[in-house]
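Enquirer: model this:
(one chain, ligands or ions: 2)
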Amino acid sequence: MSFFSSFFKKEISVLGVDIGSSALKIVQVKKKHGKAVLETYGELALGPYAGIEVGRAVSLPAEKMIEAIKDLLRESKTTTVECGTALPLSASLITFVNIPPVPEKQIADVVAIEARKYIPVPLNEVLLDFSIIPKEEQYVTEDETTKTEKQGHEVLVVAIHNDYINDYQSIMAGSGLNPSFYEIELFSSVRAVVEQGVATNMVIDMGARSTKLYIIERGVLRSSHIINKGSQDITLALSKALSITVSEAENMKRTYGLKGGPEYKELTEIITVNLDYMFYEANAALLTYQKKYSKNVTQVILTGGGVLLKGFTELAKICFQTDVIYADPFGKLETPAFLAEEFSQAGPEFAVAIGAALRRLSELE
Ligand SMILES: Nc1ncnc2c1ncn2[C@@H]1O[C@H](COP(=O)(O)OP(=O)(O)OP(=O)(O)O)[C@@H](O)[C@H]1O
Ligand SMILES: [Mg+2]
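Expert: Ligands and ions are numbered 1, 2, ... in the order given. Coordinates of the predicted model:
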């Protein structure tokens, strides 16, 4: 690279923002020599902004959320306001529709007509996005092309209510941030943790309030579920069963997890019972998918703060009859080597924020 080209090529930094139900996550990256370089990152528990414990889910009023975001930006020493923001899966309605074969320029209209059957509010109240599921055949012959044209398309439709977007827009503006997009968190996570390829994977995101399951085939979403139980339910169950405060329960959960040994038999048992429920539901979704499409899910990828629990991965390996990996979204970024251990530990928590940052970065190209 010549002196002048490197001189004029400004390195622009961007943020990925994940507003979780219990914690805010933020990641700042920039592009250098074609690589995404981590500049700073941070996390902030939201509970205390509503006067409740760390680790619990809250619904904060806008002004409190703005205060929390500003605090995190300051603590993390971010230096840009350009960002991409993830929205919770619960803010969206995701459906798959089949549309008849129509000329390309009519697809959007036909999708809107089909989507209307599944979306319980008037379409002018939602932001509608869609993408056509690519056909399986990689090398289609002319005959087959005609056949698929006759068959039409399967289309992924994502609807987000305008009210959600408006709420987020005012929170972002109040925080001084400038998002170029809002995307449902699942697409951010998938970008950060799923390798491109032909495999079928299941991503599990165990948050505080809920656990999200996504089945991804050849990089494309094929199915998504929400289990209305998250890591805070383990804390609340511990607090009740062991007659300790929620803070003490949260501390015990994080300190010992499933690795407390014989001294913490009861702790181990309560955590196991709660996780068993989640694994049962996840397995059911996985098996249903495998049966319906005659496809094997070859890998389960663990994300979300809940999977940081000590012993979680080992238990997951026993519960799923497939390969299980602890997500490593920081692996998509260039990071200082001396912090490698910290990044591999904290990785799953930052999947959404990193995925949003990666998309924002790709917009600069
Ligand atoms: N080291 C740890 N061991 C066990 N649990 C942990 C650990 N660290 C965080 N958690 C739990 O993870 C949860 C937070 O995870 P995360 O930040 O992914 O949730 P969130 O994004 O705020 O929630 P949601 O995705 O449901 O909106 C909390 O309930 C917390 O107790
Ligand atoms: Mg989350």
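Enquirer: Tell me which helix or strand comes right after the one helix or strand residue 169 maps to.
Expert: Here residue 169 sits within helix 162-175, counting by DSSP states H and E. As assigned by DSSP H and E, the chain's next helix or strand after helix 162-175 is strand 178-184.
Enquirer: Mind giving me the packing neighbours of that next one?
Expert: Strand 178-184 makes packing contacts with strand 82-87, strand 153-161, helix 162-175, helix 351-362 when contacts are defined by 3 or more CB pairs under 8 Å, 6 or more residues apart in numbering; DSSP states H and E. Every C-beta, even on glycine, is put in place using the N, C-alpha and C of the backbone.
Enquirer: Just the mean pLDDT for that strand, thanks.
Expert: For strand 178-184, mean pLDDT rounds to 97.
Enquirer: ok, residues contacting it?
Expert: Surrounding strand 178-184, the residues in contact under the criterion CB atoms under 8 Å, 6 or more residues apart in numbering are 17, 81-89, 91-92, 94, 158, 160, 165, 168, 172, 356, 359-360, 363.
Enquirer: So which bits of that strand are buried?
Expert: Judged by neighbour count using 16 or more other CB atoms under 10 Å, the buried positions of strand 178-184 are 179, 182-184.
Enquirer: Spit out the contact partners of residue 326.
Expert: Contacts of residue 326 by CB under 8 Å, 6+ apart are 302, 307, 313, 344, 347-348.
Enquirer: Quick one: neighbours of the residue of the stretch 1-150 of the chain found nearest ligand 2, just the number.
Expert: Residue nearest to ligand 2 within the stretch 1-150 of the chain: residue 20 (3.6 Å; CB to the ion). For residue 20, the count of nearby residues is 24 (other CB atoms under 10 Å).
Enquirer: Contact partners for it?
Expert: Residues near residue 20 by CB under 8 Å, 6+ apart: 46, 88, 207-208, 305, 352.
Enquirer: Quick check: PyMOL command selecting the buried ones in those.
Expert: Entered in PyMOL, the line below selects the buried ones among the contacts of residue 20, by 16+ other CB under 10 Å:
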select buried, resi 46+88+207+208+305+352
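Enquirer: Which one of the contacts of residue 20 is nearest to residue 339?
Expert: residue 305 (18.6 Å; CB to CB).
Enquirer: Return the distance of the closest one relative to ligand 2.
Expert: 7 Å (CB to the ion, to the nearest Å).
Enquirer: go on, residue 267?
Expert: According to CB to the ion, residue 267 and ligand 2 sit 24 Å apart.
Enquirer: Closest approach to ligand 2 from the stretch 201-350 of the chain, which residue is it?
Expert: Counting by CB to the ion, the stretch 201-350 of the chain gets nearest ligand 2 through residue 207, at 3.7 Å.
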